[in-house]
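1. what would the 3D arrangement of this be:
(2 chains)
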Protein chains: 2
Amino acid sequence: MEVISIGLLGLGTVGSGVVKIIENHQDKLIHQVGCPVKIKKILVQDLNKERAVDTNGSKLTTNVEEILNDPEIDVIIEVIGGIEKTKGYLIEALKRKKHVVTANKDLMALYGPELLEVASENNCDLFYEASVAGGIPILRGLIDGLASDRITKLMGIVNGTTNYILTKMSQKGSSYEEVLKEAQDLGFAESDPTADVEGLDAARKMAILASIGFSMNIGLDDVHVEGITNITEEDLEYAKQLGYTMKLIGIADLEEENVEVSVQPTLLPDSHPLSSVNNEYNAVYVYGEAVGETMFYGPGAGSLPTATAVVSDLVNVLKNMRLGVNGRSAITPQFRKQLKEPQEIFSKYFLRMQVDDKIGVFAEITSIFSEHGVSFEKILQLPNKQKSQAEIVLVTHNASLHDYEMIMEKLKQLKTVIEINSSYRVEGSANI
Amino acid sequence: MEVISIGLLGLGTVGSGVVKIIENHQDKLIHQVGCPVKIKKILVQDLNKERAVDTNGSKLTTNVEEILNDPEIDVIIEVIGGIEKTKGYLIEALKRKKHVVTANKDLMALYGPELLEVASENNCDLFYEASVAGGIPILRGLIDGLASDRITKLMGIVNGTTNYILTKMSQKGSSYEEVLKEAQDLGFAESDPTADVEGLDAARKMAILASIGFSMNIGLDDVHVEGITNITEEDLEYAKQLGYTMKLIGIADLEEENVEVSVQPTLLPDSHPLSSVNNEYNAVYVYGEAVGETMFYGPGAGSLPTATAVVSDLVNVLKNMRLGVNGRSAITPQFRKQLKEPQEIFSKYFLRMQVDDKIGVFAEITSIFSEHGVSFEKILQLPNKQKSQAEIVLVTHNASLHDYEMIMEKLKQLKTVIEINSSYRVEGSANI
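-> Numbering: from 1, shown residues only, chains lettered A, B, ... in the order given. Coordinates of the predicted model:
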């Protein structure tokens, strides 16, 4: 019987998972693709490093050429990460007619369209399900499962680290710094958490999701990003009182032909399906014109969950090989990208600020909103510990980003506004 | 440009949705499949009935032969429902090399393997995503998205009517009868709700899900079914106090090579992802060895959601036509069905009963459980309105179905047990 040979680039967390799954599920693989699947060579940095996983006869090498030049290798699985150098490897692989499966969101968010074109020119498959939301088969869900619908909105909790931090902050009433420390100790956050907590990791995934969901090339630069580092316990407490849950939400929104893609801390009504997605779990909420609301939930990271997505992509490559149709199922974007202007991006906002506790201040503030035609869903005015101050917490009705930014400018210039503590986007209405 | 011609069997709720989606999303279809898609003929019962949808030049006919005999028709979409007669139509269609997309769960639960074989013999596609959980692309998620994993458990809220009824009973504290009436008035329940409330509809879907998830032929007869008609407000109230939510849950469980498939009212911890799936929404929770927990959520029924699944299947048929690989992606079951014996089916149970309020009764009852090695997670003993009686509510630790049935028999024979009010399966532990 023929054997399919794989070249694996990388033997870290996800790479080890891939080795394990291919080994443990060999029967299922044979049943699905008709022949055994073997990892022939693995690219590593250090040949002598002790490995947690039995590589079962695969040849370890530090020389990528040994893999790219091997004519027996049909498929390259890339789990080393990195951008420019890795891009070079994958383009080489595709040019040598090797199919590629990658888990590399950084690479796909930056160079996805270019890589997909090279794949298509060479009749090769390039699949990247694992690059978004780990074990959740969301890309396939969008491409095949909702093939006939027009997706108009995607909302994602696509970063496990920040979701873990916000969940714990909200449950325990702890500060961001405390919870981050704890998350690092438990391995849910990196020692340098910047890419996660500043929203960059989520932005990469949203660029990929939006590109597929809306069938246009959305780049990382098109995504407006804001992280979670300024969120305070007080904000979470007020959110709770108002019936909202705070999440780091990636939003991709399509109106007519114009899109907005952003990542920011967002208040969702407690009853929203995304509000109960807790800890390190991910979920992607999809709104389609015909299907309405759907949601895909699961582990967003981790060795075996991510490896599952990688090997499922591999199975689809191998099925295509059996059918002789590799590289022919890719679909080029249907639409040219058109980004929304700030006047076209509508949202509700939560705003918390400290003001002078004087007669007329409240009227002064609300009149600024009225000038821009923005009204309120909820307003709380609370005495502050400092007697001469009051705290105002409000949730607006829909306002354009353009109007909201102008309102914020004007508020900052008011002498009676002592401090603007926080401002968050709000999606949907709480029932409280 | 070539045109793909479709024959549509049925122009009811889902059929009208299919017509609308194919009409409204023509551009997307052309982009994906490379040519226009047209519904050429539609089978209806009454040519003169007024239609809510513009059939846009499709020919209406009451004669199925006119569709099956039309050599220009490449694909049959079946949304008339029914079993024996419809099976005949689809087998005829497949023999005439027409691909089939169906939303018919009754038919697929009963004759799925036979129909799939005929499809395969004729190199035809037979897709049925819409037969389970309406707009949720769960079958494709299991087949492609989790292709490399070993699924060991599926739990589904796969019937919208019963989920609506249980949600409202729980939220309002109303009785089953009241809520059923309300659901019928709102169109969430049929005038004859038997198939829904007795669990039969859910059982059909679980047979289909388990067959795909475990890669074996599970028939409707293999599914143990219990409906929701005996659930009372009191049961829901106790469940809530104990930290559980009551849902009609389809469970398919694989241990070693043996499976159990059942549908019954089940208590889930409030924190379980399925517990917050409310109203008419459906969700399927999938546990895979490698991926861990995932969940697919969305509308389980309705004209456009179900039609989305139908047309997405159609897109996949058309892509296969373009690639020339129809009928070649089906995979025959990998395993022979082996059902678990009652000794092998383990679960926790909730039990509520009325007993004589006498010394020693409690000990008598608990000793019956101990004889079978079953211990308790929680016990409440409450005074009853009738002074000589007490109410006992308990949740057991894991017990085999065999042991539990024997315990129930013995309890019924005790003179001091006045009435056993209710008994439900419990999955997972509440944190209260």
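2. any weak-confidence spans in chain A?
-> A:1, A:432 (pLDDT under 70).
3. give the next helix or strand downstream of the longest helix seen in it.
-> Longest helix of chain A, by residue count under DSSP state H: helix A:303-323. Past helix A:303-323, further along toward the C-terminus, the next helix or strand under DSSP states H and E is strand A:346-356.
4. how far out from the middle of the chain is the helix or strand just after that next one?
-> Where DSSP H and E defines the elements, the next helix or strand beyond strand A:346-356 is helix A:361-371. Distance, stretch centre to chain centre, for helix A:361-371: 37 Å (C-alpha atoms, centre = their mean, to the nearest Å).
5. which non-adjacent residue is nearest A:Val393?
-> Ranked by C-beta to C-beta, 6 or more residues apart in numbering or on different chains and with sequence neighbours excluded, the top spatial neighbour of A:Val393 is A:Leu380, at 4.4 Å. The C-beta positions use only the backbone N, C-alpha and C, and glycine is treated the same way.
6. in this model A:Val395 seems to touch the one you found, though I could be wrong.
-> No: using C-beta atoms under 8 Å, A:Leu380 is not in contact with A:Val395; the gap is 9.2 Å.
7. which one's more surrounded, those two?
-> Each of A:Leu380 and A:Val395 has its neighbours counted (other C-beta atoms under 10 Å in any protein chain shown); A:Val395 has more, 23 against 13.
8. which residues does the more buried one contact?
-> The contact partners of A:Val395, taken as C-beta atoms under 8 Å, 6 or more residues apart in numbering or on different chains, are A:242, A:267, A:348-351, A:376-379, A:426.
9. point me to the residue of the stretch 301-432 of chain A nearest chain B.
-> The minimum distance from the stretch 301-432 of chain A to chain B, using C-beta to the nearest C-beta, falls at A:Val311 (3.4 Å).
10. tell me who's in contact with that residue.
-> Counting by C-beta under 8 Å, 6+ apart, A:Val311 has contacts A:18, A:21-22, A:25, A:29, B:147-149.
11. so which of these are in helices?
-> Counting by DSSP H, the contacts of A:Val311 place A:18, A:21-22, A:29 in helices.
12. looking at those residues, which two lie furthest apart in space?
-> Greatest spatial distance among these (C-beta to C-beta): A:Val18 and A:Leu29, at 12.1 Å.
13. wasn't A:Ile418 part of a strand?
-> Yes: if the criterion is DSSP: H, G, I helix; E, B strand; the rest coil, then A:Ile418 is within a strand.
14. what about it, neighbour count?
-> If you count neighbours by other C-beta under 10 Å, A:Ile418 ends up with 17.
15. any idea how far it lies from A:Ala309?
-> Noted for A:Ile418: a distance of 49 Å to A:Ala309, by C-beta to C-beta, to the nearest Å.
16. quick one: contacts for the closest residue to A:Ala399 other than its chain neighbours?
-> Leaving aside its sequence neighbours, A:Ala399 sits nearest to A:Val374 (C-beta to C-beta, 6+ apart; 4.3 Å). Listed by C-beta under 8 Å, 6+ apart, the contact partners of A:Val374 are A:396-399, A:403-404, A:407.
17. just say helix, strand or coil for the residue nearest to A:Val393.
-> The three-state assignment at A:Leu380 reads strand, by three-state DSSP.
18. kindly report the same for the one 10 residues further on.
-> Remark: A:Ala390 carries the secondary structure label strand [criterion: three-state DSSP].
19. wait, it touches A:Gln354, no?
-> Yes: contact criterion C-beta under 8 Å: A:Ala390 and A:Gln354 qualify, at 7.5 Å.
20. who touches both of those two?
-> A:Asn384.
21. which residues touch the residue nearest to A:Val393?
-> Contacts of A:Leu380 by C-beta under 8 Å, 6+ apart are A:238, A:241-242, A:391-394.
22. report how many residues lie close to A:Lys95.
-> Under the neighbour criterion other C-beta under 10 Å, A:Lys95 is assigned a count of 14.
23. that one and A:Asn123, how far apart?
-> On the measure of C-beta to C-beta, A:Lys95 and A:Asn123 end up 11 Å apart.
24. before we move on, what about A:Leu146?
-> 27 Å.
25. then A:Val259?
-> From A:Val259 over to A:Asn123 the distance is 31 Å, taken as C-beta to C-beta.
26. show me which residues of the stretch 51-200 of chain A sit near chain B.
-> Neighbours of chain B within the stretch 51-200 of chain A, by C-beta under 8 Å from any C-beta of the partner chain: A:129, A:135-137, A:140-141, A:144-150.
27. still on that earlier bit, buried only: go through the contacts of A:Val395 for me.
-> A:242, A:267, A:348-351, A:377-378, A:426 (16 or more other C-beta atoms under 10 Å in any protein chain shown).
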